[in-house]
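structure of the sequence below:
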Amino acid sequence: MGDHALSRAAHLCASHNATLDLAYLAQPGETPPADAVCRLAHHALQLGQRHDIRVRPRSRIALDPADLLSEVGCADLVVWGMAPVRGIRSLFLGQPVAGILRKGRRPVLVVRAAPSGPYRSLVVAVDFSKASGRLVELGFALNGDARVELFHAISTANEGKLRYAEVSEMAIKTYRAQCRRHAEDRMFSLKYSFDARRNRVLSTIGHGSPARQVLVQQQRSAADLVVVGKHPSSAAIDFFFGSVAESVLRDCASDVLVVPHDHRSASGAHAAKRLPGGMAVGRLRG
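I've put the predicted structure just below:
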């Protein structure tokens, strides 16, 4: 995954005239290799020459995601190349990338596949909040020519509560139809807010667990990137109640761009000039 992330980050920087910062993050509980800084500098030299971009290796090894927060705050995009952490620690504390999303409040691109060019097909999971339009814009920022499919899953959680309360099946069907019409109206408004790109924006509505339905839709459409938002929450809340974004991150086969709903613009002075909405590429590597 690390090499795939390096390659994707370099291609994004080359296409957006951005600077690439390389940082090494040690796996939890592991001692970093003695030559980690040297290897990072070697990667920086190779990537700079191969892609004709500016690459800056960081000389300080990060032992914890918190060690990277100051650097993440200056990046427009964090490209993540660490493999998922397994075991009891990850069960209770979550994945390292979750800490970056929660505390760094930066968009994070988790790379799993070897890049074969720009992203061509995107599934953008929307909940019709104010942040939904921003998700679409960030997806287009990675490749303005991509085909974008807006996807919304109507949760069945309330139907279960109605059945538990012994509401009639007819009333439940009526409720489901109302939810469907409401979702269709909201989807229509969102889709047609992108007039200039209307011919490249599709829309689909699913029914069921949002996280599960996003994964199913990614497989069905063979999208090479899923874009999903993340509501502000604590590690404890995510552990007890779950997080759609973290579920998608854990199980999705494609690359995933996670955008915190409260994400901040990069703190760099020239960030706004790099991409629509301000997007360069920062890089975390384990």
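
now do the buried residues in the longest helix anywhere in the chain.
The single longest helix within the chain, with elements called by DSSP state H, is helix 169-191. For helix 169-191, burial by neighbour count (16 or more other Cβ atoms under 10 Å) applies to 172, 176, 179, 183, 186-187, 190-191. C-betas here are computed from N, CA, C, even on glycine.

swap in stretch 10-19?
The neighbour-count check on stretch 10-19 (16+ other Cβ under 10 Å) flags 10-14, 16, 18-19 as buried.

what's the answer for stretch 243-260, then?
Of the residues in stretch 243-260, those buried under the neighbour-count criterion (16+ other Cβ under 10 Å) are 243-249, 252, 254-260.

what distance separates that stretch from the centre of its chain?
Averaging C-alpha coordinates over stretch 243-260 and over its chain gives two centres that are 6 Å apart (Cα atoms, centre = their mean, to the nearest Å).

surely residue 143 meets residue 118?
Yes. Residue 143 lies in contact with residue 118 (Cβ atoms under 8 Å); the separation is 4.1 Å.

thinking again about what came up before, I'd like to know which of the buried residues of helix 169-191 is nearest to residue 79.
residue 190 (27.1 Å; Cβ to Cβ).

restricted to helices, list the buried residues of stretch 243-260.
Secondary structure from DSSP H places 244-249 of those in helices.

kindly reformat those residues as CSV containing distance to residue 31.
Shown next, in CSV, are those (distance: Cβ to Cβ, whole Å):
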residue, distance to residue 31
244, 35
245, 31
246, 27
247, 31
248, 32
249, 26
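
mind listing what's buried along stretch 203-210?
For stretch 203-210, the neighbour count (16+ other Cβ under 10 Å) marks 203, 205-206, 209-210 as buried.

secondary structure, pLDDT and distance to residue 103 for those residues - can I get that in TSV?
What follows is those, written out as TSV (DSSP: H, G, I helix; E, B strand; the rest coil; pLDDT from 0 to 100; distance: Cβ to Cβ, whole Å):
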residue	secondary structure	pLDDT	distance to residue 103
203	strand	93	33
205	strand	96	33
206	strand	94	31
209	coil	91	27
210	helix	92	24
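
neighbour count for residue 143 and residue 118, which is higher?
Higher neighbour count among residue 143 and residue 118: residue 143, with 18 against 15, using other Cβ atoms under 10 Å.

for that one, list the residues it contacts.
The neighbourhood of residue 143, defined by Cβ atoms under 8 Å, 6 or more residues apart in numbering, consists of 118-120.

would you mind extracting the C-alpha trace of stretch 223-230 into PDB?
Output in PDB follows, covering the C-alpha atoms of stretch 223-230 (Å, rounded to 0.1, in the frame of the first residue of the first chain):
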ATOM      1  CA  ALA A 223     -15.700   2.900  -9.200                       C
ATOM      2  CA  ASP A 224     -12.000   3.400  -8.500                       C
ATOM      3  CA  LEU A 225     -12.700   6.000  -5.700                       C
ATOM      4  CA  VAL A 226     -15.400   6.300  -3.000                       C
ATOM      5  CA  VAL A 227     -15.800   9.800  -1.400                       C
ATOM      6  CA  VAL A 228     -17.500   9.800   2.000                       C
ATOM      7  CA  GLY A 229     -18.000  12.400   4.700                       C
ATOM      8  CA  LYS A 230     -17.400  12.000   8.400                       C
END
